[in-house]
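K.L.:
model this:
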Amino acid sequence: MKVAVSRLGFGGAPIGNLYRAISDEEAVGAVEAAWQSGVRYFDTAPHYGLGLSERRIGEALRDKPRDEFVLSTKVGRVLEPFDGDGFDDEGFVVPRSFRRVRDYSADGVKRSLESSLERLGTDRVEIVYIHDPDDFWDEAFGEAYPALESLRSQGVVGAIGVGMNQWEMPERFVRETDVDVVMLAGRYTLLEQPSLPSFLPACVERGVSVVACGVFNSGLLSKPVVPADAKYNYEDAPPSLIVRARDIAAVCERHGVTLPEVAIQFALGHPAVVSVVIGSRNAGQMTANAASFSASIPPGLWEDLKSSGLLGAEVPTP
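P.N.:
Below you'll find the model as predicted:
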């Protein structure tokens with residue numbers, strides 16, 4: 001990738017009021033705690049709180065030296081003013097003052113990026129991801145990517161990426177375009193590695209970096225003790241996966257570490273993965289995540305997981 005990112009990155013969805021509202025002070029505190037923990041990569045998107053996450057990250061980083069951190073945002077959802085009642089219906093507790101319009105056209109990409117730069121209060125972002133083009137391959141491949149490629153050649157954009165919750169379409173981007181990076185959500189985690197056989201080797205072969213996010217599988221791996229109502233892929237976790245997560249947690253406990261500590265560090269064992277991005281909604285949560293990232297993992301834990309069948313023998317580990 002043309003841009004160097006810190007091994008631990010800050011995910012901006014929670015400070016866009018994902019699932020519950022937080023104050024501006026809490027949001028800025030989360031970003032400041034990330035900075036104090038050594039994080040220098042901050043990711044956001046217009047989708048996160050209808051622009052709220054971008055505005056808060058921009059404000060929190062306003063006095064930081066601009067050359068010392070990396071910003072990424074996303075295109076594919078253009079925000080248009082909307083005179084609606086109530087709150088957003090896509091998981092963010094914010095007023096419906098805007099609506100998202102899926103737009104992967106060249107014009108949509110440019111308009112989205114211009115608005116993002118304004119909300120962030122900056123003249124550039126180092127990485128721009130094409131966001132969730134699951135049902136828009138033709139537009140994303142034929143219009144959004146060429147538009148970003150042009151901006152990259154002009155130096156307006158440092159690196160082009162695609163960010164998705166699947167690995168199949170990102171692999172097409174890796175093989176058929178010159179993307180620099182993929183933000184892969186949830187498909188290479190301690191719990192499951194469906195992207196391991198094909199996608200990740202393609203990234204290594206093509207020199208494409210991977211930013212791993214969703215490493216807790218929407219919550220299933222986020223606590224030392226796995227609760228019965230844990231979430232997986234934003235829904236109630238199936239009983240079989242709760243059992244598997246608890247079995248992994250038991251191995252972690254035997255080695256004196258916790259499930260979230262191991263989950264955060266797992267993906268960094270693959271040579272394609274350059275960073276793990278974790279969302280945090282306040283300073284305390286960010287500090288805890290940074291501590292988990294820095295925890296010492298005994299090498300024997302990985303062998304124990306493999307010998308017990310909870311991790312494939314072919315899976316690379318840190």
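
K.L.:
ok, the closest residue in space to residue 68 that isn't next to it in sequence - contacts?
P.N.:
Distances taken as CB to CB, 6 or more residues apart in numbering put residue 40 closest to residue 68, at 6.4 Å, once the chain neighbours are dropped. C-beta coordinates here come from the backbone N, C-alpha and C atoms, glycine included. Contacts for residue 40 (CB atoms under 8 Å, 6 or more residues apart in numbering) come out as 5-6, 68-70.

K.L.:
again, 7 Å this time
P.N.:
6, 68-70 (CB atoms under 7 Å, 6 or more residues apart in numbering).

K.L.:
scan these and report the most crowded one.
P.N.:
Using other CB atoms under 10 Å as the neighbour criterion, residue 70 leads the contacts of residue 40 with 21 neighbours.

K.L.:
what sits against that one?
P.N.:
3, 5, 40-41, 126-127.

K.L.:
in TSV, list the contacts of residue 40 along with secondary structure.
P.N.:
Supplementary listing: the contacts of residue 40 in TSV, determined by DSSP: H, G, I helix; E, B strand; the rest coil:
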residue	secondary structure
6	coil
68	helix
69	coil
70	strand
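
K.L.:
ok so, going back, distance of the residue nearest to residue 68 relative to residue 6?
P.N.:
4 Å (CB to CB, to the nearest Å).

K.L.:
then residue 252?
P.N.:
25 Å.

K.L.:
what of residue 29?
P.N.:
19 Å.

K.L.:
quick one: residue 261 and residue 292 touch, right?
P.N.:
Yes - Residue 261 is within contact range of residue 292, at 4.3 Å (criterion: CB atoms under 7 Å).

K.L.:
residue 243: how many residues sit nearby?
P.N.:
12.

K.L.:
ditto for residue 235
P.N.:
8.

K.L.:
in what helix or strand does residue 316 lie?
P.N.:
If you go by DSSP states H and E, residue 316 is not part of any helix or strand.

K.L.:
if we ignore the residues flanking it in sequence, what's nearest it?
P.N.:
Using CB to CB, 6+ apart, the nearest residue to residue 316 is residue 269, at 4.8 Å.

K.L.:
likewise residue 156?
P.N.:
residue 124 (7.0 Å).

K.L.:
how much space between the one you found and residue 238?
P.N.:
On the measure of CB to CB, residue 124 and residue 238 end up 43 Å apart.

K.L.:
same question for residue 201.
P.N.:
Residue 201 is 29 Å from residue 238, by CB to CB.

K.L.:
ok, these two, which is more surrounded?
P.N.:
Shown here are residue 201 and residue 238; by other CB under 10 Å, residue 201 has more neighbours (15 against 12).

K.L.:
can you list contacts of the helix or strand where the more buried one lies?
P.N.:
Using DSSP H and E, the element containing residue 201 is helix 199-206. Applying CB under 7 Å, 6+ apart, the external contacts of helix 199-206 come out as 167, 170-171, 174-175, 182, 188, 210, 270-272.

K.L.:
name the residues of that helix that are buried.
P.N.:
Neighbour counts using 16 or more other CB atoms under 10 Å place 199-200, 202-203, 206 of helix 199-206 among the buried residues.

K.L.:
wait, residue 6 touches residue 42, no?
P.N.:
No - with contact defined as CB under 7 Å, residue 6 does not reach residue 42; the gap is 9.4 Å.

K.L.:
so residue 235 bridges to which residues?
P.N.:
On the basis of DSSP bridges, residue 235 is bridged to residue 232.

K.L.:
mind checking what secondary structure the closest residue to residue 258 other than its chain neighbours has?
P.N.:
Leaving aside its chain neighbours, residue 258 sits nearest to residue 224 (4.2 Å; criterion: CB to CB, 6+ apart). Classification of residue 224 using three-state DSSP returns coil.

K.L.:
check the gap between residue 224 and residue 236 for me.
P.N.:
20 Å.

K.L.:
count of neighbours near residue 116?
P.N.:
23.

K.L.:
run through the residues that contact it.
P.N.:
Residue 116 neighbours (CB under 7 Å, 6+ apart): 46, 54, 73.

K.L.:
what about those, which are in helices?
P.N.:
Assigned to helices by DSSP state H, the following of these qualify: residue 54.

K.L.:
phi, psi of the residue nearest to residue 316?
P.N.:
Phi and psi for residue 269, reported as degrees, to the nearest 10, are phi -70, psi -20.

K.L.:
my guess is it contacts residue 311, does it?
P.N.:
No - Residue 269 lies out of contact with residue 311 (CB under 7 Å); the separation is 10.3 Å.

K.L.:
sec struct for residue 139, please.
P.N.:
Three-state call for residue 139 (three-state DSSP): helix.

K.L.:
measure it to residue 106 for me?
P.N.:
10 Å.

K.L.:
good, we can wrap up now.
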